[in-house]
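Q: need the 3D shape of this:
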Amino acid sequence: MNAGAFGGETWPLVTRVTTIDREGALTVHTPTDYEISYRHVRARTAGESWFVCAELALVAGGEPLTLQAEIRSFLARRSDTQPTGVASCGSVFRNPPGDFAGRLIEAAGLKRLQQGGAMVAERHANFILNTGAATASDIEDLILAVQARVEAHAGVRLIPEVRIVGEREIRV
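A: Numbers count the residues shown, from 1 in each chain. Sure thing, here's the model as predicted:
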């Protein structure tokens, strides 16, 4: 999905990836096998598969103490602005052009909105937390509810950056 933070993205570091398909076959790919964009990676070939590992080319260099200070700064920023140390599905929606998903969700009054055991985070509205007993369906239902309410409130259709895999649970 080309994850990123603080102005950087993962994909420029990728040298190769391994995917698995529904039949369990593992395949090695190079970056040229994919189309890359903001929070999006799409295979150029048809078929459904999922990443199981990636090899990254990291750049050596830099003063260790300076790099450690930079990492501590990033971690502190993340801790100040995002729910860390709690079960979550991470950042849920891509930021729409010129705006922030979290701001739109908050403006729609959806912080702490709950569906079963899943809840929109108070600290950062673009995170969905597991309050202890969330099912995959709770999370998916909450994602759909947030999408619908933000679209009704702001006229913006939020696009998930998380991937939902598998069949929906049938509730009786």
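
Q: which residue ranges of this structure form strands?
A: 4-5, 8-9, 14-21, 26-29, 34-37, 40-43, 49-56, 88-91, 114-115, 118-120, 127-130 (DSSP state E).

Q: got JSON lines for those, with distance to Leu65 too?
A: Yep, even glycine has a C-beta here, placed from its N, CA and C like the rest. Shown next, in JSON lines, are those (distance: least, Cβ to Cβ, whole Å):
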{"stretch": "strand 4-5", "distance to Leu65": "22"}
{"stretch": "strand 8-9", "distance to Leu65": "21"}
{"stretch": "strand 14-21", "distance to Leu65": "28"}
{"stretch": "strand 26-29", "distance to Leu65": "37"}
{"stretch": "strand 34-37", "distance to Leu65": "33"}
{"stretch": "strand 40-43", "distance to Leu65": "34"}
{"stretch": "strand 49-56", "distance to Leu65": "23"}
{"stretch": "strand 88-91", "distance to Leu65": "30"}
{"stretch": "strand 114-115", "distance to Leu65": "44"}
{"stretch": "strand 118-120", "distance to Leu65": "39"}
{"stretch": "strand 127-130", "distance to Leu65": "32"}
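
Q: Gly155: which of the ones you listed is closest?
A: Nearest to Gly155, of all the strands of the chain, is strand 118-120, at 19.6 Å by Cβ to Cβ.

Q: what lies in contact with the closest one?
A: Applying Cβ atoms under 8 Å, 6 or more residues apart in numbering, the contact partners of strand 118-120 are 105, 110-114, 127-131, 134-135, 138-139, 141-142, 146.
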